[in-house]
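# Build me a structure from this.
(one chain, ligands or ions: 1)
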Amino acid sequence: MQIVNVIVEDMEGVTHPLEGLAGWRLMEVIRDYGLPIKAECGGACACATCHIYVEPDDLERLQPMNMEEIERLDEAFEVKPNSRLACQIILDESMEGLRVQLAAGSEP
Ligand code: FES
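Next up is the predicted model:
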């Protein structure tokens, strides 16, 4: 399976290079590395506690948000134009080097 490298900044501003796999949810990669992300609903798009900020330059490389994600993001804290839910981002090779930051409300 194709490896997709992503860079995740935690709430303390520390950056973590993570190795993900195409087809995996970004939330799962962050969680499986042991970084603090609440992701309470386990990826069902029902909690908004996998809130992340995507580096603005990288936004256009992601699949657009569907209605479910847009509605759920409404419940997140401190939503910004580059907010996304990490469980709704399915990694693929076009996302190599993606940079994101853990966002408000994602802390366990
Ligand atoms: S893990 Fe619950 S919305 Fe993403």
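# Can you give me the first-to-last residue distance of stretch 38-56?
23 Å (C-alpha to C-alpha, to the nearest Å).
# burial of residue 87, as a residue count?
By the criterion of other C-beta atoms under 10 Å, residue 87 has 27 neighbours. Every residue, glycine included, has its C-beta placed from N, CA and C.
# residues touching it, list them.
25-28, 39, 41-45, 50 (C-beta atoms under 8 Å, 6 or more residues apart in numbering).
# Which of those residues has the largest number of neighbours?
Most surrounded of the contacts of residue 87: other C-beta under 10 Å gives residue 50, at 31 neighbours.
# my guess is that residue meets residue 105, correct?
No: judged on C-beta atoms under 8 Å, residue 50 makes no contact with residue 105 at a distance of 9.1 Å.
# Which neighbours do the two have in common?
Common neighbours of residue 50 and residue 105, using C-beta under 8 Å, 6+ apart, are residue 38.
# what residues are up against the closest residue to residue 89 other than its chain neighbours?
Residue nearest to residue 89 in three dimensions, not counting chain neighbours: residue 26, with 4.1 Å by C-beta to C-beta, 6 or more residues apart in numbering. Residues counted as contacts of residue 26 (C-beta under 8 Å, 6+ apart) are 6, 20, 52, 86-87, 89-91, 98, 100.
# Nothing else from me, thank you.
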